[in-house]
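**Student:** Kindly generate the corresponding structure for this input.
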Amino acid sequence: ARIAGINIPPHKHTEIGLTHIYGIGRTTAQKICDTVGVAYSKKIKDLTDGDLEKIREEIGKLTIEGDLRREM
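**Tutor:** Residues are numbered from 1 along each chain as shown. Predicted structure coming up:
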């Protein structure tokens, strides 16, 4: 799955996979999962297109990757 321009490893749990994105830690990943309604332990490869789209929308509200690096 590709989220925010980053390839997320498909065999990782959602909570852990989201931390591969610069600016998202465990706590933020858990909040995203809670908001979207996805179990932390669900694998990235098992997420539906709808789930991925909801996750992308939530992540779009955050400052991550290049924008965050520029601020730092």
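**Student:** Nearest the middle, which residue of the protein would you pick?
**Tutor:** Centroid-nearest residue in the chain, with C-alpha atoms, centre = their mean: Leu18, separated by 3.5 Å.
**Student:** That one belongs to a strand?
**Tutor:** No. Using DSSP: H, G, I helix; E, B strand; the rest coil, the assignment for Leu18 is helix, not a strand.
**Student:** Give me the pLDDT value at it.
**Tutor:** Listed pLDDT for Leu18 reads 93.
**Student:** can you pull the buried residues of stretch 52-68?
**Tutor:** Neighbour-count burial for stretch 52-68, counted by 16 or more other C-beta atoms under 10 Å, picks out 52, 54-55, 58-59, 62, 64-65. For glycine as for every other residue, the C-beta is placed from the backbone atoms N, C-alpha and C.
**Student:** quick one: contacts for the residue nearest to the centre of the chain?
**Tutor:** 3, 8, 24, 28-29, 32-33, 55, 59 (C-beta atoms under 8 Å, 6 or more residues apart in numbering).
**Student:** Glu71: which of the residues you listed is nearest?
**Tutor:** Ile24 (15.0 Å; C-beta to C-beta).
**Student:** picking that back up, counting only helices, which of the buried residues of stretch 52-68 make the cut?
**Tutor:** Assigned to helices by DSSP state H, the following of the buried residues of stretch 52-68 qualify: 52, 54-55, 58-59, 65.
**Student:** Quick one: the helices in this structure, in order.
**Tutor:** Using DSSP H, the helices found in the chain span residues 14-17, 26-36, 49-60, 65-71.
**Student:** what sits up against the helix or strand bottoming out on mean pLDDT in the chain?
**Tutor:** The weakest-scoring helix or strand in the chain, judged by mean pLDDT, DSSP states H and E, is helix 65-71 (a mean of 81). Identification of contacts with helix 65-71 by C-beta under 8 Å, 6+ apart yields 4-6, 21-23, 63.
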